[in-house]
Structure formats: C-alpha cells, structure tokens
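Asker: Model the structure of this input:
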Amino acid sequence: MTRGRLRVLLGAAPGVGKTYAMLEAGRDLRAAGRDVVVAVVETHGRAATAALVEGLEVVPRARVEHRGVALTELDVDAVLARRPQVALVDEYAHTNAPGSRHDKRWQDVAVLLEAGIDVLTTVNIQHIASLNDVVRTITGVPQRETVPDAVLRAADQIELVDLAPQSLRDRLAQGDVYPAERVDAALSNYFRLGNLTALRELALLWLADEVDSALRSYRAEHAIEAPWEARERVVVALTGGPEGETLLRRGARIAARSSGGELLAVHVSAQTGLRDSDPGALAAQAALAEQLGGTYHQVVGEDVPTALVEFARAQDATQLVVGLSRRGWLRAALTGPGIGATVIRRAGPIDVHLVNHAAAAGERLPLPRVTGALTVRRRLLGFALCLVLGPLLTWWLVAARSVDSLASDVLAYQLLVVVIALVGGLWPALLTALLSGMTLNYLFVAPTHTITVSEPVHALALALYVVNGALVAAVVDLAARRTRAAHRARAESELLATVAGGVLRGQDALAALIERAREAFGLAGVRLRSGDEVLAESGTVRPGSPHVPVDEHTVLDLDRGDGVPRGADAEAPEVDGADNRLLGVVVAQVAAALEHQRLSRTADAIGPLRETDQVRSALLSAVSHDLRRPLTAATTAVGSLRSHDVDWSPADREELLATADESLATLTGLVTDLLDVSRLQAGVLGVSVRPTDVDDVILPALDELHLGPDAVHLELDPALPPVQADPALLRRVIVNVLANAVHASPAGVPVQVRTSAFADRVEIRVVDHGPGVPADRRADLFVPFQRLGDTDNATGLGLGLALSRGFTEGMGGTLGPEDTPGGGLTMVIALRQAGAAPDPGERTA
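Answerer: Residues are numbered from 1 along each chain as shown. Prediction:
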C-alpha cells in the first residue's frame, strides 16, 4: 500500500488563517474530483471559517469521558472506515484527551498516512519542539503541546501561511480571531507587535532552513555534487595572519552583491595539534566575521586545501576567497605549489578568488630553529649525559669485547643515542651519534686505534649508523615537540574555558582573567593597573616587575617570583615565545573586559542625565505653550475689572474673578513645574525610582480627579507585583491619562482601568470608548499639549501626553496608544517589574 502524503500549513501565530487556508484547499481538491473529508476542524467560533466547512463531509468525532467531562477528539477508526483520499486534520500538535487511542494528534495522523490517506494539517511555529524555548523567551508563554522536529520535517510538503503582524493585530481588534472579551488581553500580551514580528521571522527562517535541507537531500539522492547557486555563499579561508581582515572584508562585499548572500569564515587546524597561527588574531577575525554578518567555523584536516574544498562543498559555497601566498620565491621553488594553487585545481565549479594583500610573498625561507621544544635545562642535561654515559658505555664494551661483538656494540651505542634524544632532544643526540660513530671507528673497527677504515663496507656501516642516529634523534625530538604542543593546547583551552565559564557564571571577568593568568604561567603575582590605580591583582607583585601594555592607559605587571631584581623600566616579561602567544590572548581579553567596564560605567553615568533631560525637555516644551494662554486670560480679566469704561454687573464681575482665579491657579502649577526643572538642572531633584505598588498610585489619582465607580471601572490584578517607578511622577502620569480618557468617553460609559503582568513587565491600561484617534494622527498625541481641537481654558491644568511620556520614559517605561475593540482608545503604561533586569541601554535606578 502506498503511504499517504502529508501537507502541513505552518503559521507564525494563531489567527493568521491556517485553518481557513486548509478548508479552502480542501474545497479546491473536492472540486478537482478528490474524495475529501473533514476529520477534525477547530473554527474557534469564527463565522468565516465555519462557513467554509459547509458543503464538506465531516466525520463525527469520538467522545471521550475524562473526570466526568465529555470531550471530543479525532475518530481515527471512523476515518479509516470511511477511507477518503484526503483528510483535513486541524491542529497537528494537539494533545488528545486521556483515554484516546494515542497521546498526540500527530500520532493519529501517522496512522492515517500508513493507511494511504493523504492528510492536510495545520501547526504554529511555537509548537515545534526545537523552538519551544526560543518562543518562550520571546512571548513569556510556555507551550506544552509540541511536535518533534523529525516528525514535522518528514512531511512531504510544508507551506507558510503568512500575515503581516500589524494586519494580524487589526484582525484581532476587529474581533475576527477571539471574542471581544479576550481581545484586549491578547493584544497586550501574546499578540504584541514585537512578539508577532519575532515569531514571523522565526517561522520564515525555519522554513528557509527546511527548504535548504530539502534541496541538499535532493542533490544527495541524485548524486549532484556541483553546487546549485540558489543563493551566494562565500567562504573565506583564514590562517590567522595579518591578511585575514582584508580577506573578510572582500568576502563580505562579494556576499553583499546578491540578496540573501551568506558569509562563512573558516580556519583549518592541523591534526598534529601544532599551531602556527596566532589565536589572538584568529579571535579578532572571528569577531570581525560576526560583525560583518557572517559565521566563523574551525575544522581539523591534515591537508589544508582538501579540507577547505570539502568544507566549501558541504556548505554549498559558490565563492571561495583565499589570500595570495605569503611565501617568497625561494620557498615556493623548494616546497612546490601553495595552498591557493591547489585549491584552484580542486575547487571544480566553485569560484576561487586569490586576493592580494600587504603580506603577500613577504616571508623568507625559515632557518632551522636552534631552540627546541625542550627547556634549556633538559638540553644541558642531555649534553652532560652524553659526556658521562658515553665514556662509561665505551669502558664496559671494551671490557666485554669479543670477535663477534661488533653488532651488539653498534646497537648499544644506538640505544645511547635514543636515551640522550629522549632526555635532551635533537642536538645532544646528534653530538652523541657523532662521537659514538668516531668511537666505534677508533676502538672497534679494524684497523683499531686509527680513524681509517680498511673495508669500504665498514665505512658505509659507520655512515649509516650516524645517519640513523640523527634520524632517531629527530623523530624523538619531533615527538617531544608534538607532545608539548598538545599539552600546551589543552592548557590554553582549559585557561580560556575557565575564564569564559567564570564570566558566564557571573564572576568578575577581570578578576577571573588575572587569577587564571597567574596560575597558567606559574607567576608569583599578576597585577592590572592604570597608572598608580590597581584594577585587579592576584598574588604579590614586586616593584619594578616587567609589564605588558594592555592599552594606552593600562598595563599588566608580571612577577615570576625568582628573586631576581628587575629594573624600574622593565617592559618585557620573561616568558618564551609560546607563552607570549597565549599571553597575547589573555591581554586581548583583558582589554575587551576593560572596554566593557568602561562602556557600562559610561552608560550608568549617562542614564540619569538622559532621564533628567527627558523630564526637563517635556516640561519646558509644555510650559512654552501653556504659559501664554492662562496669562492672557488672567490679564484680560483683571484689566476688564479695572476698566472704568464698562459698568460691570455683579454676575459679570464674579465671572471675571473666577476666570482670573482659574488662570492664576494654572500659572501656579506651571511655575511649580519650572521650579522642578531648575532643580533637575541643578541636580537637586531627580527621578527617584523604587519598588512601587501600582494600586497605591491609582486610587489616589482617582481621588484627585474626584472620579467614582460610575466614571471609572477598575479591573486590578490582586497578584500584581510591584514596579520600578517614582510614585509621584507615576501618579501625575495616571492623572493626566485618566483625565483625557474621561473627557473622551461618552456620557454614562465608564472608563476602564486594568492592570496585568506579562514576562518582566507590568501594564496599566486606561480604556475609553470614545471616538478614538485615527492611526495617522496618533503621533500628534505626543506633540507637546496637542489636544486635537480641545481648547478650553481648564485643560491648561493637564500635563499633556508629551509630558506624561517623558515622565514614563524617565522611569524606564513606555507610554503608547492602542485601539479599543469596538471603538475608542487605550493608553498603555508599561513599567518594569521591581527586581527585573533592565533592558539594554536602560538605567537601573
């Protein structure tokens, strides 16, 4: 029996139209002559969706009793008995009621597919198992109903039902998704514009990755090795040399020429564990690759060109950027074609760019290194053993000499060479091989006691002996180098992992770096200082110890603790070349940690100034407009009373006095605001943010406005956590927003004040059912004292929404408008919960 095909309609959020699209597709299939049934559909009370079900055959659901409640689920047996060609199954991730045939609906679908029935189903991005934690981070809502990624990716066809976030919010506000009583909560929580935008991006990226995987599978199944240039993928080969930045920027420009181009940086490490690249330079180049929008990869391979080409092919790369060889002409002549030339021959259809740079052909042929992987003490010990064990071995061999002992004599001296190589490395072993060869010639090869050899074959044997000794010494020394390199690589990895782990666990980055640097280099003390100020210290550092500059103001003092006095002008730490490379990595991380601290301090210093400036700017912009009107009204009223040209009646005099009194009261409030501004400017009056109970602010605000239950309906969350706010400023904001809402609401329709908590935010929603504000005019709400046509004198007492927004932002919150379902305007005051981490760039009061 042929297995059925699974077609999945994927959505970013509820309400985008997945079920509607599924039913439309079902009707189209039926019109095309296919046998289609509705196995299960959830209309959620949406009339347009329910209308599409009409005319389609619906298989009755199975009834399941759970704790005395009758539930309905997909009846798998009924669908199998009906045996349609296509079954429409809504909500693929649904969890079935206890007692059902399977725990999950996707397991029911698997049975239908095995029976040869095609299935058309729906699922939201938040129900994909691998994305569950990401969605929870975005929305703050955990999802318990999930579909395994492998199950979903096994679908024959996955389609995205897409809807712009604002369009979805408009549908929600119009009541097309949820009932009216659920709309306001949905808009303020899960269906925030930022949440929907992030979910939409997540759905698009997941589907793009799925399409890419499907394309790779198709190419693998059809043995297609040539890359398909569906989009540009540029691989940049990095060696850790100075040309890395040039190559990365060239690769980024190539990738940017086409829409959707990708940049991948790769470094090939040798399998031996020996590294000729600078880890500090590689770390900087990896950071640059990420800044340019790319990714950094590291692969291990014995043959660098092969590893590069295989990586590029695995990534479906279309372009490969390689730097021009840094080898000089002599080295190129002796060592053959370089990496670039080999990559070009092996790349096949991948375009290879050989990029010239300042370091090209700048390296000379390297000279043999005198210094080995072993310490000076080990090498001296090797020479000493050569001079001591050589004569002792010779004395013993002479004493035990016989006619047939020449072969054993040669092997004994060969063993001595190996022992010396293990202890002292290459050069002591070479000296031992040379001296032992001369000794064999002089004492054991006829004619003895001369340096001449009578038989040519003996001369050849002696020469081969010296060569073998030299080769054995070289192999042993190379093994010692690789062993030490492996130990060093492990130590470096442990050092960097420990430092990174300490930072991730919340430890002080500088303290962790300094402590681990002291331990790794075996120093008596390490101190980080800026001038005479000690920023971090581990151990004891003597005066005049050598130092390494971190930046133009900061140095790292290093004390080996060997009792040797240092000069006051010592600048170079006494560590070997390999240690200097690791030290460079530590210094680079110290510099990064210092820069992070400086930026944090700058942000902390700027935060209060920014908040104070927001408050002052809002006040001044408001006062500049509102001062003129009450002053004019008061002046006119007083001038009229003093005029002798008009005989005012008692009622007229009373009205003029009331106008003057009202206007002067307004002026008093504005002058008070000006005094607050002057205090803010002088730094005497600031935004005093502290944990605040919202209920303790809302109720006094209602009393101030003389608003009772007939004017305002309260829906306050009794479990609402405290917020970070200035109680006085928050009260002024609420008073102003409430006054506007009461003014806009029709007579007899109360304003609603609701509070709710979502993730780390608390929202105060002031809802009116007035005429609302068109979307194209909402920006005018926050223009200083813009009242959209309201010009009576009493409104001068309000602070204005511009000032309210300034106060709210000064407390680290936001103030914004939303549509009220059914008509009207909802003002949302969002503040951070007390104890919650501040957003990036936000000051913690």
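
Asker: CA only for contacts and neighbour counts going forward, please
Answerer: OK.

Asker: Stretch 168-180: which residues count as buried?
Answerer: The neighbour-count check on stretch 168-180 (16 or more other C-alpha atoms under 10 Å) flags 168-170, 172-180 as buried.

Asker: Correction: the previous question concerned stretch 510-520.
Answerer: Quick answer for stretch 510-520 (16+ other C-alpha under 10 Å): 510-518, 520.

Asker: just so I have it, where are all the strands in the stretch 151-300 of the chain?
Answerer: Listed in chain order, the strands of the stretch 151-300 of the chain (DSSP state E, counting those that start in this stretch) span 157-161, 233-238, 262-269, 295-300.

Asker: Please work out which helix or strand belonging to the chain has the smallest mean pLDDT.
Answerer: helix 329-335 (a mean of 51; mean pLDDT, DSSP states H and E).

Asker: Using PDB, list the CA coordinates for whichever helix or strand comes after that helix.
Answerer: Beyond helix 329-335 on the C-terminal side, the first helix or strand identified by DSSP states H and E is helix 339-346. Extracted as PDB, the C-alpha positions of helix 339-346 are listed here (Å, rounded to 0.1, in the frame of the first residue of the first chain):
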ATOM      1  CA  ILE A 339      47.500  26.300  -0.900                       C
ATOM      2  CA  GLY A 340      45.900  28.800  -3.300                       C
ATOM      3  CA  ALA A 341      47.000  27.000  -6.500                       C
ATOM      4  CA  THR A 342      46.000  23.600  -5.100                       C
ATOM      5  CA  VAL A 343      42.600  24.900  -4.100                       C
ATOM      6  CA  ILE A 344      42.000  26.300  -7.600                       C
ATOM      7  CA  ARG A 345      42.700  22.800  -9.100                       C
ATOM      8  CA  ARG A 346      40.400  21.000  -6.700                       C
END
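
Asker: Neighbours of Ala429, how many?
Answerer: The number of residues packed near Ala429 is 31, by other C-alpha atoms under 10 Å.

Asker: does it sit in a helix, a strand or a coil?
Answerer: Secondary structure state of Ala429, per DSSP: H, G, I helix; E, B strand; the rest coil, is helix.

Asker: if I read this right, it contacts Ile420, doesn't it?
Answerer: Yes: counting by C-alpha atoms under 8 Å, Ala429 touches Ile420, with 5.3 Å between them.

Asker: Now for these two: what residues contact both?
Answerer: Counting by C-alpha atoms under 8 Å, 6 or more residues apart in numbering, the shared contacts of Ala429 and Ile420 are 382, 386.

Asker: Can you give me the buried ones in stretch 253-270?
Answerer: Those would be 254-256, 261-269, for stretch 253-270 by 16+ other C-alpha under 10 Å.

Asker: now those residues as JSON lines including pLDDT and distance to Pro349?
Answerer: Putting the buried residues of stretch 253-270 into JSON lines (pLDDT from 0 to 100; distance: C-alpha to C-alpha, whole Å) gives the following:
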{"residue": "Ile254", "pLDDT": "86", "distance to Pro349": "17"}
{"residue": "Ala255", "pLDDT": "84", "distance to Pro349": "17"}
{"residue": "Ala256", "pLDDT": "79", "distance to Pro349": "21"}
{"residue": "Gly261", "pLDDT": "78", "distance to Pro349": "18"}
{"residue": "Glu262", "pLDDT": "85", "distance to Pro349": "18"}
{"residue": "Leu263", "pLDDT": "90", "distance to Pro349": "18"}
{"residue": "Leu264", "pLDDT": "91", "distance to Pro349": "18"}
{"residue": "Ala265", "pLDDT": "91", "distance to Pro349": "19"}
{"residue": "Val266", "pLDDT": "90", "distance to Pro349": "19"}
{"residue": "His267", "pLDDT": "88", "distance to Pro349": "22"}
{"residue": "Val268", "pLDDT": "84", "distance to Pro349": "21"}
{"residue": "Ser269", "pLDDT": "77", "distance to Pro349": "25"}
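
Asker: That concludes my questions; thank you for your assistance.
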